[in-house]
Structure formats: structure tokens, C-alpha cells
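Chemist: I'll drop the sequence and a predicted model, then ask my questions.
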Amino acid sequence: MDIVIRRARPAEYEALGEITAQAYLQDGLLDFGESDEYLGVLKDVARRAAAAEVLVATDGDKLLGGVTFVPSGGPMADIARSGEAEIRMLAVDHTARGRGAGEALVRACIDRARATEGCVRVVLSSQRTMHSAHRIYERLGFVRTPDRDWNPIPHLSDITLLTYELTL
């Protein structure tokens, strides 16, 4: 398999939104399933692409997954501080898992962070049950930062997102 990482094309936004939404739903990562309002955010790739860099992993003409790279605390950042880039919404189609697409997407984000002037760190948030993603992050040198763990919707749930960082 030849995985290629590149910017998402507008013609791919809908398919990538569906891959992302299905990955979160099938992995049980949304509190309220199909009615979860975050589902709409996951599906709205055009909005993400207008505010950050959306990357896709492809094998030939097959879309395998995608990620949102937020350089230096852009408007899509959740936890990034000055001098930090953030990785968000990493998702790989269930049929393509275990083939290296997720790791290739994270590596591409790290490369972009290194190329971003003034960027000294990459940060991300992850749910406790995302064990496969945690293994990728740790293999690539990310370390847990429990002091930055946070709850995205404290009034609705008791989900605490785990945070990681990689110093460049």
C-alpha cells in the first residue's frame, strides 16, 4: 500500500466528514450518538478547512482518513498555546485501520509543525478509550500532560479529554 498524505480537496470534504463521523460513532466516542451536536462539527470539513489545514491519507483514489492540523493556535485550536500547533479530529476508516494511515497523518502534522516558524510543540486531546491512537502518539514521542486534561462540555458530561504534547 502506498499511502499519500496531502491537503484535502473540496470534492473530498463530504466523504471525509462521513469517515470522521463514522469513526467516532463506531468507536463509541460520542456521548449522544447520532444526536450528538459534535457530530455536525466532525462532518463539516469545509468549515475546518477554512480555519485550519485538513489533511487526508489516500491509497490511489481511496480515501483512508484525515486529520485537522491547527498551526500556532489558530481559530480551530482547543488547547494550543502560543508556539504550539494542535492536531484535531484524527480519523481513519474502519476498513483501513492497521495499515499505517493514522501514523502517517500524525507524522505529517509533526512535519508541518516543524516547518511552522516559532512552533516549539505539538499538542492534542484524546478520549480515554482511544487506545490505538495513544499507541501511535507514544510511539512518535508524545508524552501525557495530565495538568492540561479538560472537559469540552462540562455542563453536559463528565468526559475528561487526555492531553499529549510533543516538544519539537
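Modeler: Sure thing, it's come through.
Chemist: helices of the chain, residue ranges please.
Modeler: Applying DSSP state H to the chain gives helices spanning 13-26, 38-43, 45-51, 101-114, 131-139.
Chemist: among the ones you listed, show the one with the smallest mean pLDDT.
Modeler: Among the helices of the chain, helix 38-43 carries the lowest mean pLDDT, at a mean of 85.
Chemist: put the alpha carbons of it into PDB.
Modeler: In PDB, the C-alpha atoms belonging to helix 38-43 read as follows (Å, rounded to 0.1, in the frame of the first residue of the first chain):
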ATOM      1  CA  TYR A  38     -20.300  17.400  17.800                       C
ATOM      2  CA  LEU A  39     -21.300  15.000  15.000                       C
ATOM      3  CA  GLY A  40     -22.100  18.100  12.900                       C
ATOM      4  CA  VAL A  41     -18.700  19.600  13.700                       C
ATOM      5  CA  LEU A  42     -17.000  16.400  12.600                       C
ATOM      6  CA  LYS A  43     -18.900  16.300   9.300                       C
END
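Chemist: Val122 versus the residue lying closest to Arg148 once chain neighbours are set aside, what's the distance?
Modeler: Spatially, and ignoring its direct neighbours in sequence, Arg148 is nearest to Thr163 (4.1 Å; Cβ to Cβ, 6 or more residues apart in numbering). All C-beta atoms are positioned from the backbone trio N, CA, C, and that covers glycine. Separation of Thr163 from Val122 (Cβ to Cβ, to the nearest Å): 11 Å.
Chemist: what residues sit buried inside the worst-scoring helix or strand of the chain on mean pLDDT?
Modeler: Lowest by mean pLDDT, DSSP states H and E among the helices and strands of the chain is helix 38-43, with a mean of 85. Residues 38-39, 41-43 are the ones in helix 38-43 that count as buried (16 or more other Cβ atoms under 10 Å).
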